[in-house]
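Colleague: Predicted coordinates and the sequence they were generated for:
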Amino acid sequence: MTPTLHLPHLSSSAEEKTRVSVVHRVGALVVAAVIAAFGVLGLANGLAYFSTDGSRVAGLSSNGLLSTISLVTAAVLVVAALRGSRIASTTMLVIGVLFIGSALVNLALLETDWNFLAFSVANVIFSICAGLVLLTLGAYGRVSGNLPDDSPYRGEQGADVIDEGPQQPETPEEAAAERAMREAELAVIEHRATEVQQARVAAMAKVRTRSARREVWMSYDQPTLR
């Protein structure tokens, strides 16, 4: 008999977390690719390592030191993306701040003997833009004053739902309950949930497994004895 593949439950809140994770990890990889390309082009051109004048690379000024730093930064972003969404997010926030800080510092050093990274005005503009992109990607789904209760960045109460083995619905009633659960969770995230939906989602948040969440939801449909 062919074994059945049981996929983990993906509620609307889980879908939100998945989307946030993709933005953080893919965003870090895309920015890393751009920075790495700049670094590789600089080293391939055999630029002087500590030249304060620099040479043109992809419309920017660079030297060997800046090319090396670019490759190291790209490597850090790649490692962070591979380690996980939270690490990628934090790394992008930190590097984003460093990019903007570097732009401001090097702006003051233009046309001086202290311009060790061979910055030009174009480099300053690029660093600010890259820093803002990194900050935006790193803060996506994480920095907000109105995060949903089940956000992975809201605290331990927002921990991911644990799937302990096959927990697929086995009856039409359970399947209908899961559809209603997804709709209610989405409604809560979009701030359009009814009081009943809010109460049920809050109750489900107290348990960790898929089957337990389903049982909590279905308990509200049980007839009340009088």
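Modeller: Ah, there it is.
Colleague: Look at the closest residue to M204 other than its chain neighbours and say how many residues are nearby.
Modeller: Distances taken as C-beta to C-beta, 6 or more residues apart in numbering place R213 nearest to M204, at 4.4 Å, with adjacent residues excluded. For the C-beta atoms, the positions are set from N, CA and C on the backbone; glycine is no exception. Using other C-beta atoms under 10 Å, R213 has 25 other residues around it.
Colleague: Output the contacting helices and strands for whichever strand or helix holds R213.
Modeller: Taking DSSP states H and E as the definition, R213 sits inside helix 210-219. With contacts defined as 3 or more C-beta pairs under 8 Å, 6 or more residues apart in numbering; DSSP states H and E, the packing partners of helix 210-219 are helix 172-189, helix 195-204.
Colleague: The last one to helix 172-189, inter-axis angle?
Modeller: Inter-element angle recorded for helix 195-204 and helix 172-189: 100 degrees (by axes from the mean of the first three to the mean of the last three C-alpha atoms, to 10 degrees).
Colleague: What helices and strands are in contact with helix 195-204?
Modeller: helix 172-189, helix 210-219.
Colleague: Just send the ones you listed back as JSON lines, with distance to V57 and mean pLDDT too.
Modeller: Below are the helices and strands packed on helix 195-204 laid out as JSON lines (distance: least, C-beta to C-beta, whole Å; pLDDT from 0 to 100):
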{"stretch": "helix 172-189", "distance to V57": "44", "mean pLDDT": "83"}
{"stretch": "helix 210-219", "distance to V57": "52", "mean pLDDT": "82"}
